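> Predicted structure and sequence below. I'll ask about it afterward.
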Amino acid sequence: MTKKELAISLHDRGFNCAQSVACAFAEEIGVPEEVLFAASEAFGRGMGGMDGTCGAVSGAIMLAGFKNSCADPAQPTTKAATYVLAEEITRAFAAQNGSLVCRELKGENTGKPLRSCPDCIMDAVEIVEKVLGL
């Protein structure tokens with residue numbers, strides 16, 4: 001099963017978009033699926049149902065932190081590099097889909113969707129694979 005297929009199967013089981021993307025890579029980043037599931041839960045439906053930043057993008061950015069962070073609160077040294085990865089992820093997603101905003105992607109104000117949730121999930125997974133090498 002590809003990562004895209006895994007992420008879609010998670011979404012089909014009731015995971016939100018952020019959970020679907022993040023949990024698809026649990027093994028690669030060495031974080032238990034339950035931890036990723038809980039950490040990404042509030043990012044669904046555009047950051048807590050507020051129709052803001054797409055959950056699939058939020059899940060991808062979360063993976064950038066887990067993959068790149070030094071995880072040393074006493075001597076944080078990786079923040080700038082992680083921001084670069086997050087920017088690359090968001091720029092790639094926005095370029096491919098025309099927006100980072102859930103309500104715009106769903107076409108809530110225009111009645112003309114730019115992208116479906118499953119397509120956003122698959123796009124985010126593809127970007128994670130490319131940018132983060134997972």
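Looks like it arrived, so ask away.
> elements contacting the helix or strand of the chain with the lowest mean pLDDT?
Across the helices and strands of the chain, the lowest-confidence element by mean pLDDT, DSSP states H and E is helix 44-47, at a mean of 88. Using 3 or more Cβ pairs under 8 Å, 6 or more residues apart in numbering; DSSP states H and E, the elements in contact with helix 44-47 are helix 17-24, helix 55-68, helix 102-106. Bear in mind the C-beta positions are built from the backbone N, C-alpha and C, glycine included.
> for stretch 57-70, which positions count as buried?
Using 16 or more other Cβ atoms under 10 Å as the test for burial, stretch 57-70 gives 57-68.
> Report the inter-axis angle for the longest helix anywhere in the chain versus helix 55-68.
What stands out as the longest helix in the chain, according to DSSP state H, is helix 79-97. If you take axes from the mean of the first three to the mean of the last three Cα atoms, to 10 degrees, helix 79-97 sits at 150 degrees to helix 55-68.
> Contacts for helix 79-97, please.
54, 56-57, 60-61, 64-65, 67-69, 100, 105, 114-115, 120, 123-124, 127-128, 130-132 (Cβ atoms under 8 Å, 6 or more residues apart in numbering).
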